[in-house]
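In: Make a model of this:
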Amino acid sequence: MPDLALITGASSGIGAEIARILAAQQTDLILTARRRDRLETLAAELAPQHNISAIAIENDLNTPDGADRLVEELASRGLTPTMLINNAGFGYFDQFVQQSRDDIEALIQVNVRALTILCRRLGEKMAERRHGAILNVSSFAAIAPIPRYAVYSGAKAYVIAFSQALRHELAKKNVKVCVLCPGFTRTEFHEVSRHEKSSLMRATELTPQQVARAGLRGLNRNQFLIVPGLWYKLNSLTARFLPRPLMSRISAAVVK
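Out: Next up is the predicted model:
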């Protein structure tokens with residue numbers, strides 16, 4: 001039976017590149033995000049090019065019932081994903097005590113709650129079939145938390161801890177669970193976060209294609225923690241040994 005991949009946040013950036021790579025591998029796709037026009041354009045590009053099925057579903061995970069509505073939409077269409085790519089996510093750059101309650105709630109809703117619900121509801125079906133794969137997109141900010149991205153860093157750290165425990169639970173069910181931790185990447189992330197990139201951020205940023213290739217390569221190898229790029233691999237090792245206060249000072253200096 002061919003794989004069917006559900007990709008959240010598929011309208012641009014890393015999610016769109018993951019879709020392109022999977023399509024080239026003859027994987028059928030379900031693309032979901034808020035921007036219907038971009039989803040439909042991507043689906044129309046990939047389906048005939050690779051002779052696959054590519055379905056666009058508009059959905060807003062930044063609502064209390066967004067994840068549940070997405071799962072119910074899949075069920076109503078008779079769609080049962082064998083792969084879940086939890087790519088949707090965003091951050092806001094600001095002092096935590098100055099952030100609005102709405103912004104904080106939105107960050108938790110998309111980065112934590114929606115991801116968890118999708119893993120629960122779709123992971124159950126994978127476990128029943130004893131076949132499936134989950135790739136949760138975290139961030140290098142989970143490894144080296146960034147001041148002024150406090151909620152985002154904390155949410156992405158949750159993704160790693162949650163995925164590690166879930167991986168152990170689902171291993172005997174033949175369901176892979178892996179985590180992708182990209183560093184600065186050339187996407188719309190910083191426009192949304194209201195943060196102008198520093199020169200060092202620009203110098204070390206990766207392309208969405210690099211991140212997508214690394215993520216899917218790691219998933220295929222069943223590698224748990226996937227850190228794309230040599231710069232970030234080396235810094236992830238450094239972060240294990242540096243005192244946490246020093247790591248925070250370094251992160252703050254990088255993003256200014």
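In: Can you report how many residues neighbour P243?
Out: Per other Cβ atoms under 10 Å, the neighbour tally for P243 reads 8. Every C-beta, even on glycine, is put in place using the N, C-alpha and C of the backbone.
In: let me fix that: L31
Out: Around L31 there are 27 other residues, counting by other Cβ under 10 Å.
In: List the beta-bridge partners for it.
Out: I7, A56 (DSSP bridges).
In: and if you look at I85?
Out: Taking DSSP bridges as the rule, I85 bridges to I7, L135.
In: gap between it and A150?
Out: Going from I85 to A150 by Cβ to Cβ, to the nearest Å gives 26 Å.
In: same thing with P208?
Out: For P208 relative to A150 (Cβ to Cβ), the value is 25 Å.
In: just D28 next, same as before
Out: Separation of D28 from A150 (Cβ to Cβ): 39 Å.
In: ok, now P2?
Out: For P2, the distance to A150 - Cβ to Cβ - is 42 Å.
In: who's more crowded, those two?
Out: Just comparing P2 and A150: by other Cβ under 10 Å the higher neighbour count belongs to A150, 20 against 9.
In: what about F184, neighbour count?
Out: Using other Cβ under 10 Å, F184 has 24 other residues around it.
In: Once you drop chain neighbours, what's closest to it?
Out: Distances taken as Cβ to Cβ, 6 or more residues apart in numbering place E205 nearest to F184, at 4.1 Å, with adjacent residues excluded.
In: And Y152, by the same measure?
Out: Nearest non-adjacent residue to Y152, counting by Cβ to Cβ, 6+ apart: G91, 3.4 Å away.
In: Double-check that the one you found belongs to a helix.
Out: No: counting by DSSP: H, G, I helix; E, B strand; the rest coil, G91 is located in no helix; its state is coil.
In: phi, psi of it?
Out: When read as degrees, to the nearest 10, the backbone of G91 gives phi -140, psi 160.
In: can you pull out the strands in the stretch 151-256 of the chain?
Out: Here the stretch 151-256 of the chain has its strands, by DSSP state E, counting those that start in this stretch, at 175-180, 225-226.
In: possible to save those as JSON lines with mean pLDDT and mean neighbour count?
Out: Below are these laid out as JSON lines (pLDDT from 0 to 100; neighbours: other Cβ atoms under 10 Å):
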{"stretch": "strand 175-180", "mean pLDDT": "98", "mean neighbour count": "25"}
{"stretch": "strand 225-226", "mean pLDDT": "98", "mean neighbour count": "19"}
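In: quick one: terminal-to-terminal distance for stretch 77-84?
Out: Taking Cα to Cα, to the nearest Å, stretch 77-84 runs 17 Å from one end to the other.
In: Contacts for it next, please.
Out: Outside stretch 77-84, the residues within contact range by Cβ atoms under 8 Å, 6 or more residues apart in numbering are 1, 3-6, 22, 27, 30, 55, 74, 118-119, 122-123, 125-126, 129, 131-135.
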